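Asker: show me how the following folds:
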Amino acid sequence: MINFPDVEFEPILSAISEISAHKTEPILIAIDGPAGSGKTSLANQLSNKLNSATTIHMDDLYNGWEDALTPTLTRHLEEWILDPLTQQATVKYQKFDWTSSEYGSPIEVRDIELLILEGVGAAQEIIRQSADLTIWIEVGPQIGLARVLNRDGDQLLPYMLKWQERESAHFLIDQTKENCQIFIDGSNTQIM
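Answerer: Reported below is the predicted structural model:
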């Protein structure tokens, strides 16, 4: 796990406070960046600081390695997350099982006050159109790859090399980094 210093949270918490002062509907925060940058760690730490946060991980929404950053994901984000969230309805999505390579039973999330959507593709254009706050965590490809392999095992190396190509292409086409509101350098964070 990556540990972000408290100073990284000040602009995020300040922005959330400002948003919540003027909004009664659910708040949507998207955390994006390359694999291994610390998105999940930041989401977990942020969730611990906020009492009413719900987190959904993009890894749970991808349709495997080959169909992850595709129109399928965009459709799932719209149908499973955005539409119900904007209607203040129950968010219902299917979590991808990486062992069986198929989606499992639907997961329902009710009464969302603040949703943190984290992972590669979390701040893509369709999300940015509705998100209240978008956060980009930057990390170089070598550091990100080393972190993922350390966390998940060396057997993922061939998948991760292809993944890094796909995420780079996705970020370039989508202009994700350029359109995020808060930027964090994830390369200098402490590994716990």
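Asker: so, low pLDDT: which residues of the protein?
Answerer: Low-confidence segments of the chain (pLDDT under 70): 1, 5, 189-192.
Asker: tell me where it has strands.
Answerer: 2-3, 27-32, 53-57, 91-97, 102-109, 114-118, 133-138, 182-185, 190-191 (DSSP state E).
Asker: from L114, how far out is S52?
Answerer: 5 Å (C-beta to C-beta, to the nearest Å). For glycine as for every other residue, the C-beta is placed from the backbone atoms N, C-alpha and C.
Asker: so the two - more neighbours on which side?
Answerer: L114 (21 against 13; other C-beta atoms under 10 Å).
Asker: list the residues that contact that one.
Answerer: L114 sits next to 16, 20, 26-27, 29, 50, 52-54 when contact means C-beta atoms under 8 Å, 6 or more residues apart in numbering.
Asker: widest-spaced pair of those?
Answerer: S20 and T54 (14.5 Å; C-beta to C-beta).
Asker: circling back: can I get the strands of the chain in a markdown table with distance to L172?
Answerer: Output for those, formatted as a markdown table (distance: least, C-beta to C-beta, whole Å):
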| stretch | distance to L172 |
| --- | --- |
| strand 2-3 | 25 |
| strand 27-32 | 13 |
| strand 53-57 | 23 |
| strand 91-97 | 25 |
| strand 102-109 | 28 |
| strand 114-118 | 21 |
| strand 133-138 | 14 |
| strand 182-185 | 17 |
| strand 190-191 | 28 |
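Asker: looking at those, which is nearest to E10?
Answerer: That would be strand 182-185 among the strands of the chain, by C-beta to C-beta, at 10.4 Å.
Asker: buried deepest among the strands of the chain, which one?
Answerer: strand 27-32 (a mean of 26; mean count of other C-beta atoms under 10 Å).
Asker: that strand: partners in the sheet, and parallel or antiparallel?
Answerer: When sheet partners are counted by DSSP bridges, strand 27-32 sits next to strand 114-118 (parallel), strand 133-138 (parallel).
Asker: great, nothing more from me.
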